Structure formats: C-alpha cells, structure tokens
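J.: Quick one, fold the following:
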Amino acid sequence: MNMNRRSLLTYVRERGTLLQVRFYSKTGSLFASKRIELPPPPEFWENRIDVFRTLYERQQREHESKEAPITVQLPDGKQLPGTAYRTTPLDIAQSISNSMADKMLAAKVNNELWDLGRPLEGDCTIDLLDWDSPEGRKIFWHSSAHILGTAMEWKYGAKLSTGPALEDGGFFYEAETESPVSETDYQSVEAIVKEVVTKKHPFQRLVVAKEEALELFKYNSFKSATIRDKVPDGGWCTVYRCGPLVDPCSGPHLPHTGRVKALTVHKNSSSYWRNKDTNPVLQRLYGMSFPKEKLLTEWKEVMAAAAKNDHRKLGVRQGLWMFHDHSPGSCFWFPNGAKIYNKLQNWLRQEYRLRGFEEVITPNMYNRKLWETSGHWTNYSDDMYRIDDDSNSALKPMNCPGHCLMYSSTRRSYRELPIRYADFGVLHRNELTGALSGLTRVRRFCQDDAHIFCLPEQVTTEIEGALEFLEHIYNVLGFKFFLALSTRPPKKMLGDHELWDKSEAHLARALNKFCGIPEGVADPQNPSETFTFDGSESHVRKMKIIQRTGDFKIKQLWTLNPGDGAFYGPKIDIRIEDCMKRKHQLGTLQLDFTLPERFDLVYEKPADDGLKTRPVMIHRAILGSLERCIAILAEHWKGKWPFWISPRQATVIPVSEQHLNYAKQVKDELFTSGYEVTVDTSDAKLGKKIRNAQIAQYNFILVVGEEEMAKKTVTVRSREDAPLVEKSVPQLLETFSELSIPGSRSSNC
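T.: All right, here's what the predicted structure looks like:
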C-alpha cells in the first residue's frame, strides 16, 4: 500500500490498524519500512466533528447576511476594495502576489492578530506576518501544537489539556493518557503528524456561546474546566478545527496544516495539571517545526551540539558542581566551580563601583507582615518557602522588599537620589520537583539584583545607563542581545493610564536613544510625514527600509510586546543569543509603581516646596540568576572558560622529576600573584601530561625543563595549540594581567 496516495485516516477508520509506514529518501527511493500498530480513532471524534460542522454552517449563514463593501488599507497607504465577512487577509495577500501569500503566516488587522483565513469585518488596516516576525513564528508553533494534539488523541485516545507555543521556540501539548509516553512512541506520532500535514486541513475558526462550548467538550474535563473558568457566564469563546481535531483556542492560526513542512517530536515529560501536585498527572510531548526542512536540519545540528556541551555533563566532567537528592534544586559547588561563581560576582562588584552602585546585605528570612505589605503573601506565597512556627516567616524569593525597608529607614532628600542598591543575597523559590533542571531551574540561587530609587526626571537617564551597563557585560561574554518593551497588561494593572503613558514613554525614549534611533524620522512610505519609532511591526518595517539607505547607524531595532508588562509597571525584556543561536532570558529592567506606594517611600523636595513625593523604583538585573547564567556560559563557551573567569588558568609541567622543584617555584610565584595555577606531579610521559592539560581546559600549559630552569623561564603553550613561546615569569605575569577581569575600559575575554 502506498500511504502517500491513500488517506491514513480513512484506512485506520476501516481497519483500526496502520500496517506499514514507509520512509523515503529525498530522491524518492524507499530506505526504511516499519510496522506500527495504531488503535481506531477515539469515539468522541465523530460526534465532536458533527457538532462543530452544524455550528460552523450556522456561522457561515450569519456571515453571508452581513456582507457589505469595505476598504482595506495596506502599510504603504494603498487602499484595496473588499467585502465584509467574505474577504480574508489571504485574499488580500494573493491579490498582491501569490508567491508572497504563500510565505505569509498570519495578519494584523487594526493591530489585532488575525487568521489569514478569517473574514474581515469592516474597514481596516492590515499588516501581513511572515516567518521573520516573532508573532508569526509564535502562531506557526501554536498551530503545530494543534497538529501534535491530533496525533496524541489518535495514538493514545488522550484527553488534551493545553498546547502552547514556547517562548524559546517550539511547542508542547500535554494530555491525560492511559499509559506513560515514551521515546519509542515518537516515530508513530510523527507518522500521524505527517499525514495531517499532507492533507492540508484548513484551520476553521468558530465563535460559540459558553454553553455550546461546554456541550462540545463535555467528554474532556480539562477543556470543560478551562471554559468554565475563563469564559464569563453568557459569554463567547472561539473554537478551532483542523481535520479531526476541534479545540477551544483564542488563535490565530495558519491557513492550513500544510504550511508546516517539517515537524519533529524531541522530548517528553510528565506534569501536573495547572502545575499543582494535587491535580492529575499529564503526559507532555515537546515538538519543533519549521516552514522548511532545511531549517529543521539546522536546528537538529544545534541541538546535537547543545547536548554534547550540556552543562550538567560538563560540570561533572570538569569537577565544577553536583546535585544530590538530599537537597533537590540546590547546587553543590566544588572548589573550581566556586572559583567561577566568585569571579563572576567580583567582576560585577568592580563594575558596580564604577557605576555608582553600592552593595548591601539583607536577611534571608522575613516575617509575614513584610510579605503582606509587599503583596507577595497574597500573590506569590505558593512559590515561597514558609516556616510554620510562631514567627510565621518565609525565606525571601527576591530582594526588593528588603531594599524598600532600607530606603525607608531614614529621611530622604531629593539630593540623595538616585540611590542604587545591589545585592547578591541567597534566594529560595519553591519550584516543583518536575520543573527542576540542572542549574537552569533551581530552588536556591543568587541574582545580580539591583534596585534604583530615583526622581521621575531621572528615569530616562537611569534606564540609558542600565542599558549601557548590560551592553558592556554582554559584549564581554560574547552574547548578542535583543530588547523589547512590554506595555500595560489589558486587565490587572495598578496606577492610572496617565502614569502608564508617561512610564512607557520614558522607556521608549531611553530605548531609542540607546539604539541610536532619532525622533521625527522621515516616513519612507509617506515622504511628507515623519514618525517616532515605537517598536511596532509597521515601524520596524519602516526602519529596515531606512537602514538600507545608510542615512544613520542603528545598534538594533527594539520591538513592542504589548500587554506583557507587570501589573506594577512596564518593563524592558532582554533576551540574549548564544553561539548556538539559542535565545535565553537573562536580564530585565522594570519600573515599579506598587512597592513605593505599599512601603510609603518618599523623598523631600526643596525647602520652598515642602512636599514629599514618591520615588520611582527600577528593578534591574543583567545576568539574572547566577546559576542559570553560568549554565548558559558553560554551554556557550563549550567548557573553554576565558582566562579571566577560568578555574584552571595554568598548569606547570616539569619535563622530569629533577625539574619538579623549579616547577613548584614557578607555580608559587604565579599563585601568590592571584592566579589559579597547579603543578602536574604525576609520573606520566610529557606528551600525556600536555594532552591531559588540554582536555582539562587549562588556558596555558607551562613546560619547564633543563633549559628553562637555567634561564629562569617557561615554555608557554595555549590549549589551542598556538606556537610555543618562551617567557620569563615577570613577562608571563604581564600577559596574565592583560587577560584578567575585564573592566569597562577593557573588554579582554
């Protein structure tokens, strides 16, 4: 049977079993064939599709009754005619270019994310989103999760829970299954996925009443609970169908499943529903997908390199850190690991001194009254370690409340501001056991935490300074970084709109100044007008056109992340990119209106004013959790630590035993000058000693023999097999000094 020519779904409906899955090479030749058993589709499929079809036909009739002429405006100002409730963004794209339409993933209609296949509802502006758009990629991966959900329902008869796109790329779907999911299932799941993709099932959007949605998903307790909790009584929600899958979802989605050209399942795990250990255990499958097979191949190569340099393996191999079941989520740092940890902190301390930050030390534990004042007892207590005794205390998960107490401990004048507190205090957060992962997700950790208390008119300057600070740090570490402005959330937010407007404007101005984006730029699409860059998709496109002209140099184009700010204020999110092109969240810059109010923080204005005013509080972290940062650095550098942070900066290797005393003298002189140096006292051959030192990732290997001992020198070889150089110890110390902790005036790494 040729499975490419006959519907897999039809065959399984008839027989209940997939007899054979065939795998073909790019040239079309058969290179593998495997028998895979699959059960019949779950019983709820047929009824669910029938109900959806009835409701969808009703919606189509309603749309036909609302048809009317409309005008659609493109980003360049061009206007096109259309028909409300019939014309779709895909129709608009195809009217411009069929080849362009094939590359588009979704749209923005009046700045609202929109399916390409969803009819327009009135006069509107429209932007089309492709793979280069972060929002487009997120929609692509979310749609891929629905395809994966189809396969999970079929293979396992699963009761699906949630299937989001992930911040770092890819997606997962979690579900209740009768038996655990294992890696041996991946191939059969991917076989079903391939068939769903091949059929090019359209994503159909349906708006239903809450009661209708509950009836549609009455077979699934997870979906029903989500609908009951999130949709108000008498309200409406959206439901999407792609092939046999029908899922409550806010969307938007791809036009059809065929847009996903490459998809792989690469990981599985278990989780608790809604992350509560009293809830049912769910099985989670992780996937990655792309619009081109080539992109998936490249991603797999990156993942293979990442697995090879996994910080958990590297830490054991180099004797840096360990974990133990007696203290889950807490790292044990061996001496060489502690050296890395301390050097990172000392480097930041050096930078703090140059930039006006003062380090403070605060308690690890506070009583309930503080956490009630800060709001953590109500909003964050499940993630805190509470101590059940008379004190009713908790270990701190963050430093900001303690810094507020220090600020309020004395009268403050406007002349004292800004005050910049830095804190390396130990923090504890009660992460679920299943969420723990090496150094990247721990329960005990330390942050390069700082809080700035400043005047309102100092906010822009302080944000600019913080951005310059993180730029220096990331440049030294070899990270690219990307900036996004997260604005007010749509529902929960403290403070009035005017305050949010001013705060967001402060951050936008600081971002533009830092990135080198001037105000009042001539609009390349409307030459008679000017615009001030705001991070939106349309403005990013305009600035890219301007960049091609070379009129001025821009560091980078920051983006807008609407609605993703904290409830207490807008923030700048910073994501770094490592040498394997992986994105990581490390730093953050946040404005806070809430804590100054809760802790009644004030400063006194000039005497002739006589008023007390609240300062602005800025939360600032560059590396974030030092544990997580060190894990990323270990993989980014592949265990080859730069000299300034290396726990193994040099080893002295005597050619024979008679040169051992001189080797120890060299070691002592370098060690007392502050460098991490050892002597190889083993009885191995010289070549073996050198190879061992290279494998251990010593930055420099210093060989001493008869000639070196007579001349009071060493022969220097680097771990990269650079040409050998003979140096005296004073000359070597000068070289080491040049490679030591990089300051703001030096970026040696």
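J.: Below-threshold pLDDT in the chain: ranges please.
T.: For the chain, the stretches with pLDDT under 70 are 1-37, 391, 550, 607-611, 743-749.
J.: hmm, what's the outermost residue in the chain?
T.: Residue farthest from the centre of the chain, counting by Cα atoms, centre = their mean, is Ala710 at 56.3 Å.
J.: Show me the contact partners of the host helix or strand of that residue.
T.: Following DSSP states H and E, one finds Ala710 within helix 706-711. Taking contacts as Cβ atoms under 8 Å, 6 or more residues apart in numbering, the residues outside helix 706-711 that touch it are Val655, His659, Tyr662, Thr713, Val714, Thr715, Glu726, Ser728. C-betas here are computed from N, CA, C, even on glycine.
J.: now the third one, nearest residue through space, not along the chain?
T.: In space, and not counting its chain neighbours, Tyr662 is closest to Met709: 4.4 Å by Cβ to Cβ, 6 or more residues apart in numbering.
J.: In strands only, show me the contacts of helix 706-711.
T.: Counting by DSSP state E, the contacts of helix 706-711 place Thr713, Val714, Thr715, Glu726, Ser728 in strands.
J.: Packing partners of the one helix or strand Gly82 maps to?
T.: Taking DSSP H and E as the criterion, Gly82 maps to strand 79-83. Where contact means 3 or more Cβ pairs under 8 Å, 6 or more residues apart in numbering; DSSP states H and E, strand 79-83 is packed against strand 69-73, helix 89-96.
J.: What ranges does the stretch 101-250 of the chain have for its strands?
T.: Counting by DSSP state E, counting those that start in this stretch, the stretch 101-250 of the chain has these strands, from start to end: 106-109, 112-114, 124-129, 159-160, 171-176, 204-209, 236-242, 245-248.
J.: mind listing what the residue nearest to Lys727 when sequence neighbours are not counted touches?
T.: Nearest non-adjacent residue to Lys727, counting by Cβ to Cβ, 6+ apart: Val716, 5.5 Å away. Neighbour list for Val716: Phe700, Ile701, Leu702, Leu724, Val725, Glu726, Lys727, Leu732 [criterion: Cβ under 8 Å, 6+ apart].
J.: contacting residues around Leu455?
T.: With Cβ under 8 Å, 6+ apart, Leu455 has these contacts: Tyr414, Leu417, Pro418, Tyr603, Pro615, Val616.
J.: who wins for most neighbours among the residues you listed?
T.: Within those, Val616 tops the neighbour count with 24 neighbours, counted by other Cβ atoms under 10 Å.
J.: got the phi/psi numbers for it?
T.: Note on Val616: its backbone torsions stand at phi -90, psi 140 [degrees, to the nearest 10].
J.: you'd agree it is up against Glu457?
T.: No - between Val616 and Glu457 there is no contact under Cβ atoms under 8 Å: 9.4 Å.
J.: Which positions within the helix holding Ala710 qualify as buried?
T.: Using 16 or more other Cβ atoms under 10 Å as the test for burial, helix 706-711 gives Glu708, Met709.
J.: got it, and stretch 569-577?
T.: By neighbour count with 16+ other Cβ under 10 Å, stretch 569-577 contains the buried residues Gly569, Pro570, Lys571, Ile572, Asp573, Ile574, Arg575, Ile576.
J.: one step back: which of the ones in strands among the contacts of helix 706-711 sits closest to Asp389?
T.: Val714 (59.2 Å; Cβ to Cβ).
J.: Would you mind measuring from the closest one to Ala722?
T.: Per Cβ to Cβ, to the nearest Å, Val714 is found 15 Å from Ala722.
J.: more neighbours, these two?
T.: The residue with more neighbours, out of Val714 and Ala722 and counting by other Cβ under 10 Å, is Val714; that gives 28 against 10.
J.: residues contacting that one?
T.: Neighbouring residues of Val714 by Cβ under 8 Å, 6+ apart: Val652, Val666, Leu702, Val703, Val704, Glu708, Glu726, Lys727, Ser728, Val729, Leu732.
J.: Quick check: beta-bridge partners of it?
T.: Note on Val714: beta-bridge partners Lys727, judged by DSSP bridges.
J.: Same question for Leu282.
T.: Going by DSSP bridges, Leu282 is paired in beta bridges with Ser271.
J.: wait, what's in contact with it?
T.: Contacts of Leu282 by Cβ under 8 Å, 6+ apart are Ser161, Glu174, Ala175, Glu176, Ser270, Ser271, Tyr272, Trp273.
J.: ok, of the contacts of Val716, which come out buried?
T.: Buried residues within those, counting neighbours by 16+ other Cβ under 10 Å: Phe700, Ile701, Leu702, Lys727, Leu732.
J.: In strands, which of the residues you listed appear?
T.: Phe700, Ile701, Leu702, Lys727.
J.: ok, how many other residues are close to Leu296?
T.: Residues near Leu296, counting by other Cβ under 10 Å: 17.
J.: right, and it touches Met288 too?
T.: Yes - counting by Cβ under 8 Å, Leu296 touches Met288, with 7.0 Å between them.
J.: Common neighbours of these two, please.
T.: Joint contacts of Leu296 and Met288 (Cβ under 8 Å, 6+ apart) are Leu263, Thr264.
J.: follow-up on the earlier one: separation between the residue farthest from the centre of the chain and Glu726?
T.: Applying Cβ to Cβ to Ala710 and Glu726 gives a distance of 12 Å.
J.: again, but for Met580
T.: As judged by Cβ to Cβ, Met580 and Glu726 stand 37 Å apart.
J.: Over to the residue lying closest to His497 once chain neighbours are set aside. Which of the three states is it?
T.: Distances taken as Cβ to Cβ, 6+ apart place Arg488 nearest to His497, at 7.9 Å, with adjacent residues excluded. At Arg488, secondary structure determined by DSSP: H, G, I helix; E, B strand; the rest coil is coil.
J.: What distance do you get for Ala338 to Asn399?
T.: Counting by Cβ to Cβ, the gap from Ala338 to Asn399 is 22 Å.
J.: Let me see the backbone angles for Pro180.
T.: Dihedral angles of Pro180 (phi, psi; degrees, to the nearest 10) stand at phi -60, psi 150.
J.: ok, it - contacts?
T.: If a contact means Cβ under 8 Å, 6+ apart, then Pro180 has Ser270, Gln283 as its contacts.
J.: let's go with 10 Å and repeat that
T.: Contacts for Pro180 were tallied using Cβ atoms under 10 Å, 6 or more residues apart in numbering; they are Asn268, Ser270, Val281, Gln283.
J.: Next, find the distance separating it from Glu431.
T.: 22 Å.
J.: ok, now Thr678?
T.: Here Thr678 is placed at a distance of 37 Å from Glu431 (Cβ to Cβ).
J.: Ok, Thr150 next?
T.: 32 Å.
J.: Among those two, which residue is more densely surrounded?
T.: Neighbours per residue (other Cβ under 10 Å) separate Thr150 from Glu431, with Thr150 holding more: 28 against 16.
J.: now that one, nearest residue through space, not along the chain?
T.: Closest to Thr150 by Cβ to Cβ, 6+ apart is Leu245, at 4.2 Å.
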